[in-house]
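> Mind looking at a prediction? Sequence and model below.
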Amino acid sequence: MISVENLSKSFTLHNQGGTVIPVMAGASLHVGPGECVGLVGQSGAGKSTLMRMIQGNYLAGAGSIRIAGTELVGAEPRAITRLRRETLGHVSQFLRVLPRVPAVDVVAEPLRALGSPEAEARARAECMLWRLNIPRGLWSLSPTTFSGGEQQRVNIARGFVHPFPCLLLDEPTASLDAQNREVVLTLIEEAKARGAAILGIFHDAPARDRVCDRLVDVTAFTPGRAA
Amino acid sequence: MSAPILSVRGLERRYGARIGCTGVGFDLWPGEVLGMVGESGSGKSTLLSCLAGHQRPDAGSVTYDGRDVLAMPETERRRLARTEWAYVHQHAREGLRMGVSAGANVGERLMATGARHYGRIRAQAIDWLDRVEIDETRIDDRPTAFSGGMQQRLQIARNLVTGPRLVFMDEPTGGLDVSVQARLLDLLRGLVRDMGLSVIIVTHDLAVVRLLADRLMVMKSGRVVEQGLTDQVLDDPQDAYTQLLVSSVLQV
């Protein structure tokens, strides 16, 4: 489902003397249906960079990224837009939303983008907010005023509201209390059970041990450090 | 979804020896929102007015829905501008008729496309005022009595009432309070999604394109220096100028 081969990447800082910083070389991994793979490696090793490339947020230098059969490297922007809408879900660490949009609409948006009628999308969004213990009184308010943990849960609700075949999770259990952490881990287990391919970064070691089938150490892909 | 709604190739517009824009080429697909950013004088507004037919380019081609826009008779281009296209100006007063009521501003465009039944025109005008969150009781007021944000929403209603397919927007949130901006952006996003609009939006506000545009074109000195998926261009800019532009934004 998610297949990365021989991926490399460098940043060229044109306004700082044209400095070229190689950040990744020879990255390869595979995530099959129903599998959860965790990325590990110390801070700065390139976990987030790799996730961003798989999401299409960073441009790959060379190599291949295939998501459910679609090649991302060199793909047209609209192919990536469609992939994100239909196939590739993403839970980032930070919620980026339009001010004044109610939490329930933020969560319903992925469904609306897929053409679900408003009432149906909202009903499913409310279901997710309820599961993630967001107090009912907050559903009609903009998440911009929510606490960090509440924002994180809105983000998770949004990422899981549509049964995406592939999911990228960046620290989904960070800043959550024990009860909500349990809810998120259950959501991940349910997604695996329905056959989703999941790639995640988890600093929470017990969470990682519980949901991940395999780990990939990205230090092996860090140029100049691998050797 | 099999063909682009708008195809632009090698577009150039010169003002004497000075370049307005040159070598511009792109495809816009149905339902897609394309953002154009760049500093003042980078050619983005020139480009937009060439695309919308307000200025005649010196070279290149513009194809809309398989038709050569530059070769079509003026009457046909005007008919397109009234029906399938819409143009939202930065200053609402340029896109509105300030001397007639809000309802007439919306109804007028319907009448230009052949609507004649007064009751139906008024009902549709009321429906659109409601969609852009203008109270029905204001229908007989003139836009001069409206705030800047309300005028802009009225302009959007006037433009979208005929169900266009392609919308040009020139700094639609420029000059508005930030709180009004957010509401307008939310409104635009909903309309784009529900009506399946294709949009070309010119702005210098990177936050606006991040929230609204699927794709981004960065312009400098009349040329496109970089284009791609919006968040990719903003988060991993490849061109020196784009890197400078993105890193120059003040953090809030």
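Yep, it's here.

> going forward, measure contacts between C-alpha atoms and count neighbours the same way
OK.

> And the helices in the stretch 101-250 of chain B, which stretches?
With DSSP state H, counting those that start in this stretch applied, the stretch 101-250 of chain B shows helices at B:102-112, B:118-131, B:148-160, B:178-195, B:206-212, B:230-235, B:240-247, listed in chain order.

> Of those helices, which shows the lowest average pLDDT?
Ranked on mean pLDDT, the bottom entry among the helices of the stretch 101-250 of chain B is helix B:178-195, at a mean of 83.

> next one: that helix to chain centre, how far?
Taking Cα atoms, centre = their mean, to the nearest Å, the mean C-alpha location of helix B:178-195 is offset from the chain mean by 13 Å.

> and that helix, what does it pack onto?
Based on contacts counted as 3 or more Cα pairs under 8 Å, 6 or more residues apart in numbering or on different chains; DSSP states H and E, the elements that helix B:178-195 packs against are helix B:148-160, helix B:206-212.

> Alpha carbons of that helix, as PDB, please.
Listed in PDB are the C-alpha atoms of helix B:178-195, where the atom choice follows Å, rounded to 0.1, in the frame of the first residue of the first chain:
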ATOM      1  CA  VAL B 178      -8.800  39.900   9.800                       C
ATOM      2  CA  SER B 179     -12.000  38.700  11.500                       C
ATOM      3  CA  VAL B 180     -14.000  39.600   8.300                       C
ATOM      4  CA  GLN B 181     -11.400  37.900   6.200                       C
ATOM      5  CA  ALA B 182     -11.700  34.600   8.000                       C
ATOM      6  CA  ARG B 183     -15.500  34.600   7.500                       C
ATOM      7  CA  LEU B 184     -15.100  35.500   3.800                       C
ATOM      8  CA  LEU B 185     -12.600  32.700   3.300                       C
ATOM      9  CA  ASP B 186     -14.800  30.200   5.000                       C
ATOM     10  CA  LEU B 187     -17.700  31.300   2.800                       C
ATOM     11  CA  LEU B 188     -15.600  31.100  -0.400                       C
ATOM     12  CA  ARG B 189     -14.300  27.700   0.500                       C
ATOM     13  CA  GLY B 190     -17.800  26.300   1.000                       C
ATOM     14  CA  LEU B 191     -19.000  27.800  -2.300                       C
ATOM     15  CA  VAL B 192     -16.000  26.400  -4.200                       C
ATOM     16  CA  ARG B 193     -16.700  23.000  -2.800                       C
ATOM     17  CA  ASP B 194     -20.500  23.000  -3.200                       C
ATOM     18  CA  MET B 195     -20.600  24.600  -6.600                       C
END
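
> ranking the helices of the stretch 101-250 of chain B by burial, who's on top?
With neighbours defined by mean count of other Cα atoms under 10 Å in any protein chain shown, none of the helices of the stretch 101-250 of chain B is more surrounded on average than helix B:148-160, at a mean of 24.

> before we move on, the earlier item: so for chain A, which of the helices and strands packed on helix B:178-195 sits nearest?
The closest approach between chain A and any of these, judged by Cα to the nearest Cα, belongs to helix B:206-212 at 7.0 Å.

> Do the closest one and chain A come into contact?
Yes - Helix B:206-212 reaches chain A (Cα under 8 Å from any Cα of the partner chain) through B:Leu211.

> which other residues reach that helix?
By Cα atoms under 8 Å, 6 or more residues apart in numbering or on different chains, the list of residues contacting helix B:206-212 from outside reads A:Val97, A:Leu98, B:Val33, B:Gly35, B:Val37, B:Leu185, B:Arg189, B:Thr203, B:Leu216, B:Thr230, B:Asp231, B:Val246.

> Is the second one part of a helix or strand, or is it coil?
Judged by DSSP: H, G, I helix; E, B strand; the rest coil, the three-state class of A:Leu98 is coil.

> Run a quick neighbour tally on it.
When counting by other Cα atoms under 10 Å in any protein chain shown, one arrives at 20 neighbours for A:Leu98.

> out of the helices and strands packed on helix B:178-195, nearest to A:Gly18?
Taking Cα to Cα, helix B:206-212 is the member of the helices and strands packed on helix B:178-195 nearest to A:Gly18, at 23.9 Å.

> What's the end-to-end length of stretch B:170-177?
Across its full length, stretch B:170-177 reaches 17 Å end to end, with Cα to Cα, to the nearest Å as the criterion.

> Just the buried residues of it, please?
Neighbour counts using 16 or more other Cα atoms under 10 Å in any protein chain shown place B:Asp170, B:Glu171, B:Pro172, B:Thr173, B:Leu176 of stretch B:170-177 among the buried residues.

> give me phi/psi at the second one?
By that I understand B:Glu171. Taking degrees, to the nearest 10, you get phi 50, psi 60 for the backbone angles of B:Glu171.

> Report the contact partners of it.
Going by Cα under 8 Å, 6+ apart, B:Glu171 touches B:His89, B:Gln90, B:Ile201, B:Val202, B:Thr203, B:His204.

> I'd like to know which of those residues is nearest to B:Met98.
B:His89 (14.1 Å).

> Grab the nearest non-local neighbour of the residue of the stretch 101-250 of chain B found nearest chain A.
Of the stretch 101-250 of chain B, the residue with the smallest distance to chain A, taken as Cα to the nearest Cα, is B:Gln232 at 4.5 Å. Distance criterion Cα to Cα, 6 or more residues apart in numbering or on different chains; nearest residue to B:Gln232, sequence neighbours excluded, is A:Asn57 at 4.5 Å.

> Kindly provide the distance from the one you found to A:Gln42.
When distance is defined by Cα to Cα, A:Asn57 is 22 Å away from A:Gln42.

> For the closest residue to B:Gly174 other than its chain neighbours, give its distance to chain A.
If you skip the residues right next to it in sequence, B:Gly174 has B:Gln90 as its closest partner in space, 6.4 Å away by Cα to Cα, 6+ apart. Distance, B:Gln90 to chain A, by Cα to the nearest Cα, to the nearest Å: 21 Å.
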